[in-house]
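*Asks:* Model the following, please.
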Amino acid sequence: MWEGGNNKTEIANPARFEKKLKRAGATITVNQLAGIKKLPVMQQLRAMQNLSDNELQALDDVERLCNLEVAFLLQNLKPNTVASVITQYKKVLDTTGYKEHPYQLYFKLPTELMTIRKNTYRASVMAENKQLKPFSNETGYLNMALKLMQSKKSYIRVAIGLCASTGRRPSEILTTAEFSKTGEYNAIFKGQLKTKGSGNARDNYEIPLLLPADDVIEALAVLRDKRDFSTLPVPASKTLAQVVNSKTAKSQSEAVKMYFDTFIPSPKTYNLRAIYALLCGRKHRPKTMTEQAYIASILGHSENDSTTASSYLDFYYKED
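*Replies:* Okay, here's the model as predicted:
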């Protein structure tokens, strides 16, 4: 189906592929996508490192191979799926000795498709921000979270209670989370996963808690004793958190629906993080900070990533 020449990637059915690009909202053409050009970074690398012609040709070959593979993926999958597949590819390559390999420069979605994905995500967040759902009965909600944290029967219940009281992701609570008390309702959180290894990575930062720090730390210790995921086999293309999520996601969802349906209409696991942000904002947000800036600071996102912070603005507090 595919043939790679020195200067161009051949696409088996250009017209059909072009229609797919247009449906995705792209304005680039097949020729623009398939054409292999030296990037400015190539020239910079050569100038800085005095690369030989053979070394430069090797980089050209890496670039061509990456473009071939990305183009092949785009012809067969939707751009969002391709982005996920590329992430999986990189995890495999990173764990097999290629973390510093030049493929990192080229193995990615075309810039325009990345922009489309970001704009689509931003539009969906803005739409959700116009349809906030009511939340009330903070006392009942937190009492339920404490009850779950103190469960003697189910580690999933303990985990869900901790998610509600700390705002951390289930994958973090179940695998990497550590809390060090700094105040009655404050702790240093270690174990951030979503931005780990990226330029926006944050870890070891102070967060507010919705329940006493002593109760949170004790519940996490009980959870670790109840269920140890550290010995699970993890494929090269996956992380421990992904494997744990695949094994526990259904149980998490069932527990959230069973115990928080009274407080949240049709509750989802990720709603616990949004409610945490809402309640912390009511109690602790400085008047000098916007909601988005405060949410980013307590959830571990980049301070410049207002769109992701806005995605947690799902509820408004309805006074009794």
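*Asks:* ranges for the strands of the chain?
*Replies:* Ranges of strands in the chain, per DSSP state E, are 3-4, 9-10, 133-135, 178-183, 186-190, 205-208, 315-317.
*Asks:* Which parts of the stretch 1-150 of the chain are helices?
*Replies:* With DSSP state H, counting those that start in this stretch, the ranges of helices along the stretch 1-150 of the chain come out as 14-23, 30-34, 40-49, 53-76, 79-94, 103-106, 111-129, 138-149.
*Asks:* what about Tyr312, distance to Asp214?
*Replies:* As judged by Cβ to Cβ, to the nearest Å, Tyr312 and Asp214 stand 27 Å apart. C-beta: built from backbone N, CA, C; applies to glycine.
*Asks:* Likewise for Leu220?
*Replies:* 11 Å.
*Asks:* between these two, who's got more neighbours?
*Replies:* When neighbours are counted by other Cβ atoms under 10 Å, Leu220 and Asp214 differ, and Leu220 comes out ahead with 20 against 12.
*Asks:* residue contacts, the most centrally placed residue in the chain?
*Replies:* Centroid-nearest residue in the chain, with Cα atoms, centre = their mean: Lys194, separated by 4.4 Å. Shown in contact with Lys194 (Cβ atoms under 8 Å, 6 or more residues apart in numbering): Arg169, Gly300.
*Asks:* One more: the one 10 residues further on?
*Replies:* The neighbours of Asn204, taking Cβ under 8 Å, 6+ apart as the test, are Ile188, Phe189, Lys190.
*Asks:* Could you tell me the per-residue confidence at the second one?
*Replies:* pLDDT, Phe189: 97.
*Asks:* Just want to check the distance between the nearest residue to it once chain neighbours are set aside and Leu223.
*Replies:* Nearest residue to Phe189, sequence neighbours excluded (Cβ to Cβ, 6 or more residues apart in numbering): Ile207, at 4.9 Å. Counting by Cβ to Cβ, the separation of Ile207 from Leu223 is 18 Å.
*Asks:* Can you tell me how far the residue nearest to Glu184 when sequence neighbours are not counted is from Phe260?
*Replies:* Spatially, and ignoring its direct neighbours in sequence, Glu184 is nearest to Pro212 (5.9 Å; Cβ to Cβ, 6+ apart). From Pro212 across to Phe260, the span is 20 Å (Cβ to Cβ).
*Asks:* Spatially nearest residue to Ala241, not counting backbone neighbours?
*Replies:* Excluding the flanking residues, the one nearest Ala241 by Cβ to Cβ, 6+ apart is Ser171, at 3.7 Å.
*Asks:* what's the one you found in contact with, if anything?
*Replies:* Ser171 neighbours (Cβ under 8 Å, 6+ apart): Leu193, Ala241, Gln242, Val244, Asn245.
*Asks:* Can you flag which of those residues belong to helices?
*Replies:* Ala241, Gln242, Val244, Asn245 (DSSP state H).
*Asks:* ok, the second one - how many residues close by?
*Replies:* The one in question is Gln242. Based on other Cβ under 10 Å, the number of other residues close to Gln242 is 16.
*Asks:* Which pLDDT value belongs to it?
*Replies:* 84.
*Asks:* Likewise for the last one?
*Replies:* Looking at Asn245, its pLDDT stands at 89.
*Asks:* Could you check how many residues crowd around it?
*Replies:* By the measure other Cβ under 10 Å, the count of residues near Asn245 is 18.
*Asks:* Pull up the gap between Ile207 and Lys238, please.
*Replies:* In terms of Cβ to Cβ, Ile207 sits 27 Å off from Lys238.
*Asks:* no wait, Leu299
*Replies:* 24 Å.
*Asks:* Please say which of the two ends up with more neighbours.
*Replies:* More neighbours surround Leu299 than the other of Leu299 and Lys238, with 22 against 16 (other Cβ under 10 Å).
*Asks:* Check the gap between the more buried one and Ile275 for me.
*Replies:* Distance of Leu299 to Ile275, given as Cβ to Cβ: 12 Å.
*Asks:* now swap in Tyr316 and tell me
*Replies:* With the distance defined as Cβ to Cβ, Tyr316 ends up 11 Å from Ile275.
*Asks:* Over to Val256?
*Replies:* With distances taken as Cβ to Cβ, Val256 is found 11 Å from Ile275.
*Asks:* Neighbour count: those two, which is higher?
*Replies:* Just comparing Val256 and Ile275: by other Cβ under 10 Å the higher neighbour count belongs to Ile275, 26 against 23.
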